[in-house]
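Enquirer: any chance you could fold what I've pasted below:
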Amino acid sequence: MKTLGVKQFQQMAFKLLKQPDGAFKEHLGLIPKNFISIVYGRSGNGKTEYCIQMAKYLAGFGKVLWLSYEQGHGVDLQNAINRNNMHEVSGNFLVADPTEDLKKGVTFLEDLDKTLSKRNSPDFIFIDSVDYTRFKWEDYEFLKRKYGKKKGFIFISHIKGREPKSTIGQDIKYDGHIGTVVRDYIAYHDKNRFSSFEPYVIYEERARLLNPLFFAPKLADEPKKAAKKAGVNAKKVAKELLQDEGVSA
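Expert: Below is the predicted model of the structure:
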């Protein structure tokens, strides 16, 4: 047990990522390098796309390892990587198929532990998906205890109802720092200990098609400002723009 006085605790320094202003900073909040997150959602809603975009963002702060337990080195993952121009961070982004060349009798956890214990091992680890790792609570606790103060872990999960599909996924959500659900190419936080709950639009063209009402307040606000400046009927302009977008005013 380590006990600190109030002043000692208040004076503790935490290393936060020096993020440039932008969508991810507003979405994630002021995050430390070592954080635990879980991202969950239905297939075809932009879950992988969101995580690839986050991986590219985090590659600006350190090495990123994508562990593809579910797809391996598959074409779907390759397409997502190509769409997001991951070659721009090629020096800091690696994709591993943990099922390839796995020695008999060696578990996924043992193999991952061996990788992370090496010198200059990745700073951020994406686990895609936790449903395919067969991890238990004890395995998660082991990773958190051994590496949780040094590395960031982003677990990807399928969804059941409104929660991560597996029990371990649900446990990670309640224990970790950030829980993010992806719907209609928009990422929402169910939980964020870093105090930011700003949604993140993954692919705007697709998101507008699937969820036009999400954009309605913004569409209505922009013409009101412009109309007021021009001295015209702001309400009328906003209504016309919304109708053009196929949204009921």
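
Enquirer: can I see the domain layout of this protein?
Expert: Listed by automatic domain parsing, the domain ranges of the chain are 30-208, 211-244.

Enquirer: so how far is the longest one from its chain's centroid?
Expert: Okay, so that is domain 30-208. 7 Å (C-alpha atoms, centre = their mean, to the nearest Å).

Enquirer: straight-line length of that domain, end to end?
Expert: End-to-end distance for domain 30-208: 28 Å, by C-alpha to C-alpha, to the nearest Å.

Enquirer: circling back: tabulate the domains of the chain in JSON lines, adding columns for distance to Lys7 and mean neighbour count.
Expert: Glycine gets a C-beta too; all of them are placed from N, C-alpha and C. Converted to JSON lines, the domains of the chain look like this (distance: least, C-beta to C-beta, whole Å; neighbours: other C-beta atoms under 10 Å):
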{"stretch": "domain 30-208", "distance to Lys7": "21", "mean neighbour count": "18"}
{"stretch": "domain 211-244", "distance to Lys7": "45", "mean neighbour count": "14"}
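
Enquirer: my guess is Ile31 meets Leu17, correct?
Expert: Yes. Counting by C-beta atoms under 8 Å, Leu17 is a contact partner of Ile31 at 5.7 Å.

Enquirer: how long is stretch 156-168 from one end to the other?
Expert: 11 Å.

Enquirer: what about the protein, any weak spots by pLDDT?
Expert: 218-249 (pLDDT under 70).

Enquirer: number of nearby residues for the nearest residue to Ser196 once chain neighbours are set aside?
Expert: Once flanking residues are discounted, Ser196 sits nearest to Gly29: 3.2 Å by C-beta to C-beta, 6 or more residues apart in numbering. Burial of Gly29 is recorded as 20 neighbouring residues (other C-beta atoms under 10 Å).

Enquirer: which helices and strands does whichever strand or helix holds Asn79 pack with?
Expert: Assigned by DSSP states H and E, Asn79 belongs to helix 75-83. Secondary-structure packing of helix 75-83 (3 or more C-beta pairs under 8 Å, 6 or more residues apart in numbering; DSSP states H and E): helix 47-58.

Enquirer: that'll do, ta.
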